[in-house]
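Undergrad: Pasted the sequence and its predicted model underneath.
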Protein chains: 2
Amino acid sequence: MYKLLSTDGRAKRAEFTTVHGVVQTPVFMNVGTVGAIKGAVSTDDLKLIGTQIELSNTYHLHVRTGDDKIKAMGGLHKFMKWDKPILTDSGGFQVFSLASIRKIKEEGVTFNSHIDGHKIFMGPEESMRIQSNLGSTIAMAFDECPPALADRKYVTDSVDRTYRWLLRCIDEMKRLNSLEDTINPDQLLFGINQGAIYDDIRIDHAKRISELDLPGYSIGGLSVGETNEEMYRVLDAVVPYLPKEKPTYLMGVGTPVDILEAVDRGVDFFDCVYPTRNGRHGHVYTHDGKLNMFNASFEMDQRPIEEGCGCHACRGGYSRAYIRHLLKAKEMLGMRFCVLHNLYFYNHLMEEIRDAIDEGQYSSFKEESIRRMM
Amino acid sequence: MYKLLSTDGRAKRAEFTTVHGVVQTPVFMNVGTVGAIKGAVSTDDLKLIGTQIELSNTYHLHVRTGDDKIKAMGGLHKFMKWDKPILTDSGGFQVFSLASIRKIKEEGVTFNSHIDGHKIFMGPEESMRIQSNLGSTIAMAFDECPPALADRKYVTDSVDRTYRWLLRCIDEMKRLNSLEDTINPDQLLFGINQGAIYDDIRIDHAKRISELDLPGYSIGGLSVGETNEEMYRVLDAVVPYLPKEKPTYLMGVGTPVDILEAVDRGVDFFDCVYPTRNGRHGHVYTHDGKLNMFNASFEMDQRPIEEGCGCHACRGGYSRAYIRHLLKAKEMLGMRFCVLHNLYFYNHLMEEIRDAIDEGQYSSFKEESIRRMM
């Protein structure tokens, strides 16, 4: 299912085969929170910008339109018209960051919907059932993501509970996958490593979850307030304790530079809202760094965002001047152009990363890329 | 330049040849106010939904990014990447409806920009210069659009001034088209008939402007507060006094039913913000009437907006349930789908209208279409 094609230093180049198709890694998953990429981007658009796998949010789809209804309509793939892999998060991150008046117990978490305030309970079983209803390709284990700066005692207890929750997730997913009316009986479960910035807690936890022989493992709870250096240090410490012959997914990361550094430390799955969120604010990525398209210097600039880029906006010949004009006039088209460009940039960067690993040139590729971007 | 291919009753079916290509009429011009269709629709998208001619607003482009700058970048066609015909309005309608503290004199109008309040003067010469800078295919004469319910005296004086302004527009356009650095030396000028709902004033004005042998004529000042019956009556009265062998353009109209009725009265150019504005609010057109996509009855509806429709959303298989979900979640993609659908619907309706005239079946086509839509 996960075939390691080559390595270059610690960097992994692999092929991950799922019922919804093959994913070439390292890969950046494009984030479509509520079942759509923000910025007026459809799944037809995703196909044109080289998206291999899309990520949607369990919590958002649970509170609206509702996973039960989406199941009744044939699952998330059919609902959003996307036949390639989908990863759903567990809902845990949103529960702990968006919802209010929450109570964490051994059973799970009670919280209020951010839409209408109604009380919801979510534990490992509930999260698995929602993700099973959505029928995603990859489901994420239900975990607690403690604050980056939480104290040792809190983190130790939290990680222990997250481990117990993982065991319950495994059992519940096994049960759900065996039901007759399950949307995707081949749904995969990825475990999540936690432990804030305490290397020893993370390593201990990584060892314990690795023994469970899940089809993939992620590193959660990073990029939530710690410094870049702390993040890289945690990766240096913990990735060696996660199985090399399984996907290694760094959740919610990050900037192009973060991705280049994390690949160098053995990570090969990523997701982040930066390209879509920044695009909607007129911030676009190029190989020579970010541009703020509102900048007055672009008022008469007839070049595309980046020369040679194959995105809809650049390939279509839409100029920086026109895109700036659209953004200034608050035309949605300006945001759509920037989001499509950014997602194309990220997807294409991953392709360049894969090529560099294939050629055994990753180290110099990384250094040169970062030098240009910084 | 304008070739009448066939008629069916008073309905005209023609071909209008311009330096930017041939327009088949009756035609609906797709409105891109600031040089972009609202709803994240690009000129590449327009090509896919059968748009023949795009309309942009002189006033909006004058106040931002500025027609002088757009000229320096090669004109509006190059700026927005659209090589088919563009019609620009005169700016008059916006000046009289958007801007504040205006003063109307024989020379023109003084008003304050709706963006930063700075004082702007626009008269016939200024309007022609702006439109020449934009380099549109068709420029509209600078006119005053008096309120539908203005009194006879006001309308008479206003129409007389609009006539004198038209003479100045003709002179200025001739001068501008002959300049060496003109973007489009073949720019065409359409005259505008005014007269509120006073048939005799409109007829007298129509006769006078028709004598000027312009390449096209429009009917302005309708759909601004009068009833549908008054509008149809004015069309019955005035269209016969406009040259049949020239384009007949009803400005700012309208609903599909209005268009069907106006074609039956000899009109063959239309423009309106309805399909884009309604689309952004989740209201979509079908041959069986309008649908409000927010309606709860669509929550689990897996059909496309309209069966058999060739728009991006319907052809792509995106369901009513998904589109409703997107709109409820305030995802831009929901608006884009609805706007693309509506523009496709309008463009396709015009194609059906042309076919019906070609086949000499317009009257029954119109009746059957209206019966289904109402």
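TA: All right, it came through fine. Numbers count the residues shown, from 1 in each chain, chains lettered A, B, ... in the order given.
Undergrad: Past the helix or strand where A:E261 lies, which element shows up next along the chain?
TA: Secondary structure from DSSP states H and E places A:E261 in helix A:256-263. Going down the chain from helix A:256-263, the next helix or strand is strand A:269-271, by DSSP H and E.
Undergrad: Which neighbouring elements make contact with that following strand?
TA: The helices and strands touching strand A:269-271, judged by 3 or more Cβ pairs under 8 Å, 6 or more residues apart in numbering or on different chains; DSSP states H and E, are strand A:27-31, strand A:248-250. For the C-beta atoms, the positions are set from N, CA and C on the backbone; glycine is no exception.
Undergrad: and the following helix or strand past that strand, which residues are buried?
TA: On the C-terminal side of strand A:269-271, the nearest following helix or strand under DSSP H and E is helix A:274-280. Buried residues in helix A:274-280, counted by 16 or more other Cβ atoms under 10 Å in any protein chain shown: A:274-276, A:278-280.
Undergrad: Parallel or antiparallel, which strands does the following helix or strand past helix A:274-280 pair with?
TA: Following helix A:274-280 in sequence order, the next helix or strand is strand A:283-286 (DSSP H and E). Take DSSP bridges as the rule and strand A:283-286 pairs in its sheet with strand A:289-292 (antiparallel).
Undergrad: next one: stretch A:89-100 to chain centre, how far?
TA: 15 Å (Cα atoms, centre = their mean, to the nearest Å).
Undergrad: So which residues on chain A come close to chain B?
TA: For chain A, the residues in contact with chain B (Cβ under 8 Å from any Cβ of the partner chain) are A:34-42, A:44, A:60, A:64-65, A:69, A:72-73, A:79-81, A:299-300, A:302, A:312, A:316-319, A:321-322, A:325-326, A:328-329, A:331-337.
Undergrad: What subset of these is buried?
TA: A:34-42, A:60, A:65, A:69, A:73, A:79-81, A:312, A:318-319, A:321-322, A:325-326, A:328-329, A:331-337.
Undergrad: Narrow those residues to those in helices?
TA: Among those, the members falling in helices (DSSP state H) are A:60, A:69, A:79-80, A:312, A:321-322, A:325-326, A:328, A:332-337.
Undergrad: Determine which two of those residues are furthest apart.
TA: Using Cβ to Cβ, these span at most 44.9 Å, a distance reached by A:K69 and A:A321.
Undergrad: before we move on, back to that, can you pull the buried residues of the helix holding A:E261?
TA: A:256, A:258-263.
Undergrad: A:R324 touches A:F294, doesn't it?
TA: Yes. Using Cβ atoms under 8 Å as the test, A:R324 is close enough to A:F294 to be in contact (6.5 Å).
Undergrad: okay, and the common contacts of those two?
TA: Listed as contacting both A:R324 and A:F294 by Cβ atoms under 8 Å, 6 or more residues apart in numbering or on different chains are A:G282.
Undergrad: When the two are compared, which one has more neighbours?
TA: A:R324 (23 against 14; other Cβ atoms under 10 Å in any protein chain shown).
Undergrad: The nearest residue to the more buried one once chain neighbours are set aside: neighbouring residues, count only.
TA: Leaving out its chain neighbours, the residue that sits closest to A:R324 by Cβ to Cβ, 6 or more residues apart in numbering or on different chains is A:F298, at 4.6 Å. Neighbour count of A:F298, defined by other Cβ under 10 Å: 22.
Undergrad: tally of neighbours for A:Y362?
TA: 25.
Undergrad: show me the residues around it that make contact.
TA: Applying Cβ under 8 Å, 6+ apart, the residues near A:Y362 are A:8-9, A:11, A:263-264, A:353, A:356.
Undergrad: Please compute how far the helix holding A:E261 lies from its chain's middle.
TA: So, by Cα atoms, centre = their mean, the centroid of helix A:256-263 is 14 Å from its chain's centroid.
Undergrad: Just want the angle from that helix to strand A:27-31.
TA: When axes from the mean of the first three to the mean of the last three Cα atoms, to 10 degrees is applied, the directions of helix A:256-263 and strand A:27-31 differ by 130 degrees.
Undergrad: Packing partners of helix A:256-263?
TA: Using 3+ Cβ pairs under 8 Å, 6+ apart: helix A:256-263 touches helix A:228-238, helix A:332-358, helix A:362-373.
Undergrad: In TSV: those, plus distance to B:D236 and mean pLDDT.
TA: Putting those into TSV (distance: least, Cβ to Cβ, whole Å; pLDDT from 0 to 100) gives the following:
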stretch	distance to B:D236	mean pLDDT
helix A:228-238	73	96
helix A:332-358	40	98
helix A:362-373	66	98
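Undergrad: State the distance from the nearest residue to A:E352 once chain neighbours are set aside to chain B.
TA: Spatial nearest neighbour of A:E352, chain neighbours left out: A:F365 (7.1 Å); criterion: Cβ to Cβ, 6+ apart. Distance from A:F365 to chain B, counting by Cβ to the nearest Cβ, to the nearest Å: 33 Å.
Undergrad: ditto for A:F294
TA: For A:F294, the distance to chain B - Cβ to the nearest Cβ - is 13 Å.
Undergrad: Give me the neighbour count for the closest residue to that residue other than its chain neighbours.
TA: In space, A:F294 comes closest to A:G282 once its chain neighbours are excluded; the distance is 5.1 Å by Cβ to Cβ, 6+ apart. Neighbours of A:G282 under the rule other Cβ under 10 Å: 21.
Undergrad: and the residue lying closest to A:N184 once chain neighbours are set aside, how many neighbours?
TA: Closest residue to A:N184 apart from its sequence neighbours, by Cβ to Cβ, 6+ apart: A:G135 at 4.1 Å. By other Cβ under 10 Å, 25 other residues sit near A:G135.
Undergrad: Strands of the stretch 101-250 of chain A, start to end?
TA: Shown for the stretch 101-250 of chain A, the strands assigned by DSSP state E, counting those that start in this stretch span residues A:109-112, A:119-122, A:138-140, A:188-193, A:216-219, A:248-250.
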